[in-house]
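Chemist: Could you work out the structure for the sequence below:
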Amino acid sequence: MRWARALLSSGKAKAGEIAIATTAPFACDDYMLALASGSSLPLCFVHGRPALATRDGQRCAALADALQGGLGQARIRRLLALAVNQGTVLDGLPDGRLPVSSEASLSSAAEWERALAANASVSSILMPVIRLLEMGTSQAEAAGKLLLRGRARNLWDDALRAAPASALMFSLQALRVADDRDPADSIAWCSVDQLAAAPRRFAWLMGLNTKSWPRNSGRDPMLPGYIVPRALIDPDPLETSDRRCFENVVATAQLAVLSSARLSGDGKRIGQSTLQASTETLEIVPREQPALHALTEADRLLARPQDHADNPMVSAAMAAWNDWRSARLTPHDGMVGGSHPALSSLLGKPQSPTSLSRLLRDP
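Modeler: Next up is the predicted model:
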């Protein structure tokens, strides 16, 4: 992503001429979403964005959590915050708020009914929904019809068709939605076969390690190859397809960058792919090396320590860190005046051992 921003800022390439690809992009989608959000780069997920990364997906997740996890206040409040303003019965709630204490323990429809007894207008709207949610995943279809609209309803129906209602969270995690960005005017984040079908001038190929490039189909045929040739069972093996896509991308790109990791996710050493034998230059990038071209504001501050003093937030954080390591009493230890009105009101009330310890540690 730093490389892509450097190309854009230097004027060497347009967003529609840059692509970042790997064999299985789904495993890195969460990282790319975070980097794209922090950098504001026009990044298009050609293979589709995770449904749970959208607001409609979060509406479905909140409903599934309430059906499977119970009627806790946190779940109901999250569902109400996401499900309002869709044209459902929840839009009738005054101000969209719950008139119950946030500390109340509510785990059943009967407890919710007692808590809402003093607010008839809210109870008449919310209690039918609470009773439906209490029935669990057996009423998943009815709950979707009542509380979801538009694309959220379509995602909910797709998840119910893909697997039983008891596996809703797993089904929602596997769903993807088309990206709203135009691929022709954005940096492409895609699989290598998609990039091979529509090559770009500047391509970065990630994860060129053993067992990743090329991938092994993993098939173990019952009959050996001298009895039934493998070409009859699998005419286009995954390994051959990965090699063909790699050769296509490298041959058509003006600049192709091939990157590989030294360690796996478990911390074990992994080797480079045999496809990297064709690289012209090899550069080893240490993990702690400062970025030559920063991607985000946090990246810039990490690469340029001299800018820390000019940032009030970083300066405050560093002061808190230094005071925490100091043995003397500092303002970050909660040092306040003896006649502070908040302390006076607190000390006039009964205190439990927990509240006293919190008061001493952080007034």
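Chemist: Let me see the domain layout of the chain.
Modeler: As given by automatic domain parsing, the domain ranges for the chain are 2-48+180-278, 53-177, 312-361.
Chemist: Tabulate those (a markdown table), appending mean neighbour count.
Modeler: Quick note: C-beta positions are derived from backbone N, CA and C, even for glycine. Listed next are the domains of the chain as a markdown table, based on neighbours: other CB atoms under 10 Å:
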| stretch | mean neighbour count |
| --- | --- |
| domain 2-48+180-278 | 16 |
| domain 53-177 | 17 |
| domain 312-361 | 10 |
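Chemist: which SS class is residue 257?
Modeler: What DSSP: H, G, I helix; E, B strand; the rest coil gives for residue 257 is strand.
Chemist: What does the pLDDT read for it?
Modeler: What the model reports for residue 257 is a pLDDT of 90.
Chemist: swap in residue 221?
Modeler: 64.
Chemist: what residue ranges in this protein score low on pLDDT?
Modeler: 95-97, 218-221, 223, 278-280, 334-338, 362-363 (pLDDT under 70).
Chemist: and the residue nearest to residue 213 when sequence neighbours are not counted, what is it in contact with?
Modeler: The shortest distance from residue 213 to any non-neighbouring residue, by CB to CB, 6 or more residues apart in numbering, is to residue 273 (4.1 Å). Residue 273 makes contact with 208-210, 212-214, 260, according to CB atoms under 8 Å, 6 or more residues apart in numbering.
Chemist: Between these, which sits nearest residue 126?
Modeler: residue 212 (50.2 Å; CB to CB).
Chemist: how far away is that closest one from residue 75?
Modeler: Here the criterion is CB to CB, to the nearest Å. By it, residue 212 lies 39 Å from residue 75.
Chemist: wait, what's in contact with residue 43?
Modeler: Contacts of residue 43 by CB under 8 Å, 6+ apart are 32, 35-36, 181, 186-187, 189.
Chemist: make it 7 Å
Modeler: Neighbour list for residue 43: 32, 36, 186-187, 189 [criterion: CB atoms under 7 Å, 6 or more residues apart in numbering].
Chemist: Of those, which is the nearest to residue 120?
Modeler: Nearest member of the contacts of residue 43 to residue 120, counting by CB to CB, is residue 36, at 47.0 Å.
Chemist: Beyond the helix or strand harbouring that closest one, next helix or strand please.
Modeler: Using DSSP states H and E, residue 36 sits in helix 29-39. Per DSSP H and E, helix 29-39 leads on to strand 43-45 as the next helix or strand towards the C-terminus.
Chemist: Tell me the strands beside that following strand, with direction?
Modeler: Next to strand 43-45 in the sheet, as set by DSSP bridges, lie strand 187-191 (parallel).
Chemist: What values do phi and psi take at the residue nearest to residue 260 when sequence neighbours are not counted?
Modeler: Leaving out its chain neighbours, the residue that sits closest to residue 260 by CB to CB, 6+ apart is residue 208, at 4.4 Å. With angles defined as degrees, to the nearest 10, residue 208 sits at phi -80, psi 80.
Chemist: tell me the contacts of residue 33?
Modeler: Taking CB under 7 Å, 6+ apart as the test, what residue 33 contacts is residue 53.
Chemist: please redo it, this time with the cut-off set to 10 Å
Modeler: 43, 45, 49-50, 53, 189 (CB atoms under 10 Å, 6 or more residues apart in numbering).
Chemist: With residue 300 instead?
Modeler: Per CB under 10 Å, 6+ apart, neighbours of residue 300: 291, 293-294, 307, 311.
Chemist: Could you report the separation of it from residue 82?
Modeler: From residue 300 to residue 82 the distance is 34 Å (CB to CB).
Chemist: now swap in residue 121 and tell me
Modeler: 22 Å.
Chemist: Same question for residue 296.
Modeler: 27 Å.
Chemist: do residue 26 as well
Modeler: Distance of residue 26 to residue 82, computed by CB to CB: 25 Å.
Chemist: Where does residue 123 sit, in terms of helix or strand?
Modeler: According to DSSP H and E, residue 123 maps onto helix 120-134.
Chemist: backbone phi and psi for residue 234, please?
Modeler: phi -130, psi 90.
Chemist: What of the one 5 residues further on?
Modeler: The phi/psi pair for residue 239 (degrees, to the nearest 10) reads phi -60, psi -40.
Chemist: thinking it is in contact with residue 217, fair?
Modeler: Yes: with contacts counted by CB atoms under 10 Å, residue 239 reaches residue 217, the gap being 6.7 Å.
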